[in-house]
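Engineer: Please work out how this folds:
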Amino acid sequence: MKCLFLGDVMGRAGRAAITTHLPRLREDWKLDFVVVNGENATSGMGLSGGHAKDILAAGADCITLGDHAFDQKDMFGFIENEPRVIRPLNISKAAPGQGARIFTAPGGRKVLVAQALGQVFMKHPYDDPFSALDPILKSHPLGGMVQAVIVDFHAEATSEKMAMGHYCNGRASLVVGTHTHVPTADTMILSNGTAYQTDAGMCGDYDSVIGMDKAEPLRRFLTHIPKERFSPALGEATLSGVYIETDDRTGRATVVRAVRVGGKLSQATA
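Structural biologist: Below is the predicted model:
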C-alpha cells in the first residue's frame, strides 16, 4: 500500500499548499491512503468544519487534530458527523469524536489511524499516551484485521516521540510526530518494520517562526511584551510529510521517504 502523511497544516498558506499539490501527488504517486494533520489549518489555531471539508475534498482520507482540536467551536459538532476527522485518544474523556478509527482503502484493505498527545513540555496534563494507544494496537494487530496502522504522535519532546516509535515498533506501519512544525532528518524503518520520523514538519510558510509571521514572535522574544496576536505567515508554503509503502501481508513498511514539495524546503519528491 502507498500512503502519505502530511504534517500540521498552517493557516491559509498551508491550506493552499494542500489544495494545490495534494490532488496531483495523489494521482502521480498512485496513493492508496492519505492522512493530513489539520491542527492549525484555521488561522493557525484549530480546524473549522469548512476548512476540514476543503482538505478532504483535496484528497485526504483522514484528518488528524492535536492539542488545538477544539479551538474552533464548530468542530465540537462537526467531528460527531464526520468520521474522517479524528482527535487525540487522550485529550479528554469528555471530548466528542474518536481518537482511532479503521478506514477502507482501495481493494478493501483496512487502515487503522490513531492519534495521541504527548505529556512532556505540553501545556496540559494529558493522560498517558502509551497506555492510551496500547489497547488499540493490541486489538488491531498488523497482518490481521488491518493491513496498515498509522500513528500520529502529537508531542513536543523528541525523546518522547522516539520512545513512542520504539514502543510501537512492529505494531504500526508508521509512527510520525507532529506539533513542532520543523521536519526532522531521522526518517527510517525501525528493526521490526515500523517507519518512523520524529516530526513530519508543517504544511506552511517556512519564512516564518514555525508558521507564524515573524514580527510578533521576534518582538516577544526580544521584549517579553506581547503587542498583537500571532498570525500565520502568508508566503508560499512547503508541503511537508512522510511517504511510505507497506507490505499488505505483514503491514510492515518497505519504503519510507521524507516529503518536501514547494516553497522554501522543496526537494526531491517520493
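Engineer: Look up how far Arg87 lies from Met67.
Structural biologist: Not quite, residue 67 is Asp, not Met. Going from Asp67 to Arg87 by CB to CB, to the nearest Å gives 10 Å. Just so you know, the C-beta spots here come from the backbone N, C-alpha and C atoms, and that holds for glycine as well.
Engineer: Looking at the two, which one has more neighbours?
Structural biologist: Neighbours per residue (other CB atoms under 10 Å) separate Asp67 from Arg87, with Arg87 holding more: 26 against 21.
Engineer: Name whatever forms a beta bridge with Val151.
Structural biologist: Ala114, Val175 (DSSP bridges).
Engineer: residues in contact with it?
Structural biologist: Val113, Ala114, Gln115, Ala116, Leu133, Met164, Cys168, Ala172, Leu174, Val175, Val176 (CB atoms under 8 Å, 6 or more residues apart in numbering).
Engineer: same thing but 7 Å
Structural biologist: Ala114, Leu133, Cys168, Ala172, Leu174, Val175 (CB atoms under 7 Å, 6 or more residues apart in numbering).
Engineer: Neighbours of the closest residue to Met212 other than its chain neighbours, how many?
Structural biologist: Once flanking residues are discounted, Met212 sits nearest to Phe230: 4.6 Å by CB to CB, 6 or more residues apart in numbering. Other residues near Phe230 come to 17 when the count uses other CB under 10 Å.
Engineer: picking that back up, now a ChimeraX select for only the buried ones of the contacts of Val151.
Structural biologist: Only the buried entries of the contacts of Val151 go into this ChimeraX selection, using 16 or more other CB atoms under 10 Å:
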select :114,133,168,172,174,175
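Engineer: Report pLDDT for the residue of the chain most remote from its centre.
Structural biologist: No residue in the chain sits farther from the centre than Thr223, which is 32.9 Å out by CA atoms, centre = their mean. For Thr223, the pLDDT comes out at 96.
Engineer: residue boundaries of the helices in this structure?
Structural biologist: Secondary structure of the chain by DSSP state H: the helices cover 11-28, 49-57, 75-81, 129-139, 158-167, 215-223.
Engineer: between those helices, which gets nearest to Val259?
Structural biologist: For Val259, the closest of the helices of the chain is helix 11-28, at 8.2 Å, according to CB to CB.
Engineer: In terms of secondary structure, what does that closest one contact?
Structural biologist: strand 33-37, helix 49-57, strand 202-203 (3 or more CB pairs under 7 Å, 6 or more residues apart in numbering; DSSP states H and E).
Engineer: hang on, the earlier thing: columns distance to Arg252 on top of the helices of the chain, output as CSV?
Structural biologist: Below are those laid out as CSV (distance: least, CB to CB, whole Å):
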stretch, distance to Arg252
helix 11-28, 23
helix 49-57, 28
helix 75-81, 31
helix 129-139, 14
helix 158-167, 14
helix 215-223, 41
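Engineer: For Gln267, find the nearest of those.
Structural biologist: Among these, the nearest to Gln267 by CB to CB is helix 11-28 (13.5 Å).
Engineer: For the protein, give me the ranges with low pLDDT.
Structural biologist: Residues of the chain that meet the criterion pLDDT under 70 lie in 268-270.
Engineer: cutoff 90 now
Structural biologist: Low-confidence segments of the chain (pLDDT under 90): 93, 123-125, 143, 145, 264-270.
Engineer: So in terms of bridging, what pairs with the residue nearest the centre of it?
Structural biologist: Computing the C-alpha centroid of the chain and ranking residues by CA atoms, centre = their mean puts Asn37 first, at 3.5 Å. Beta-bridge pairing for Asn37 (DSSP bridges): Thr64.
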